[in-house]
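>>> this is a predicted model, with the sequence first.
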Amino acid sequence: MIQVRRAIPEDLPFVLSSWLECWREAHYAGTLSHDDYFAAYRKALTALLDREDVEVLVAVNPQETERKYEIYGYLCHEKGYREPTIHWAYVKFPFRRNGVLKGLLTSAGIDPAKPLVYTHKTADCVQILQTKNLRAKHDPWRARQVKRDKKGSR
């Protein structure tokens, strides 16, 4: 059983650290040195998370109180575009293939059968898109700049 809720401040260290670690392995992350990578991307991701229309949802076990709801996974998305925009999705390995991502998408109001945009491309992302036959378009510019209008393409 999972519960999906908006991220709280206590969740953000896990969100940032897991995102930074996973993205560091991606081909698209670039060629920054280890030290420069963490400084630059921590700043960029923090700015992204601070945007008005960006929301982070987390999937947790509502029955676990000892660790204040262990996070199974999370979804970072941005509202206000024609197509849903996903900046990052992550599910811990032991909880994959258990509907966690589907629950996060549903809670965000994102129908994966319809067109969507994602901003961070990884090998896992490409595999999921191909396996699930999703109609998704990669557009890293949405993560790099604040959108100009609520309806616009960028």
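Received it, and whenever you're ready, just let me know what you need.
>>> in this structure, mark out all the strands, start to finish.
Assigned by DSSP state E, the strands in the chain fall at 3-6, 54-60, 71-78, 85-91, 116-118, 136-138.
>>> tell me what the first one is packed against?
So the one you mean is strand 3-6. strand 54-60, helix 100-107 (3 or more CB pairs under 8 Å, 6 or more residues apart in numbering; DSSP states H and E). Any C-beta I mention is one placed from the backbone N, CA and C, and that applies to glycine too.
>>> also the third one?
Applying 3+ CB pairs under 8 Å, 6+ apart, one finds that strand 71-78 contacts helix 12-24, strand 54-60, strand 85-91, helix 100-107.
>>> most neighbours per residue, which of those?
Of these, the one with the most neighbours on average (mean count of other CB atoms under 10 Å) is strand 85-91, at a mean of 23.
>>> that one vs helix 12-24, what angle?
100 degrees (axes from the mean of the first three to the mean of the last three CA atoms, to 10 degrees).
>>> all further residue positions should be reported with the first residue as 474.
In the new numbering, first residue 474, that becomes strand 558-564.
>>> so what strands line up beside strand 558-564?
The strands beside strand 558-564 in its sheet (DSSP bridges) come out as strand 544-551 (antiparallel), strand 589-591 (parallel).
>>> can I get those strands in TSV including distance to residue 520, mean neighbour count and mean pLDDT?
Shown next, in TSV, are these (distance: least, CB to CB, whole Å; neighbours: other CB atoms under 10 Å; pLDDT from 0 to 100):
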stretch	distance to residue 520	mean neighbour count	mean pLDDT
strand 544-551	13	24	96
strand 589-591	18	22	93
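>>> would you format those as JSON lines with distance to residue 563 included?
Shown next, in JSON lines, are the strands paired with strand 558-564 (distance: least, CB to CB, whole Å):
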{"stretch": "strand 544-551", "distance to residue 563": "6"}
{"stretch": "strand 589-591", "distance to residue 563": "13"}
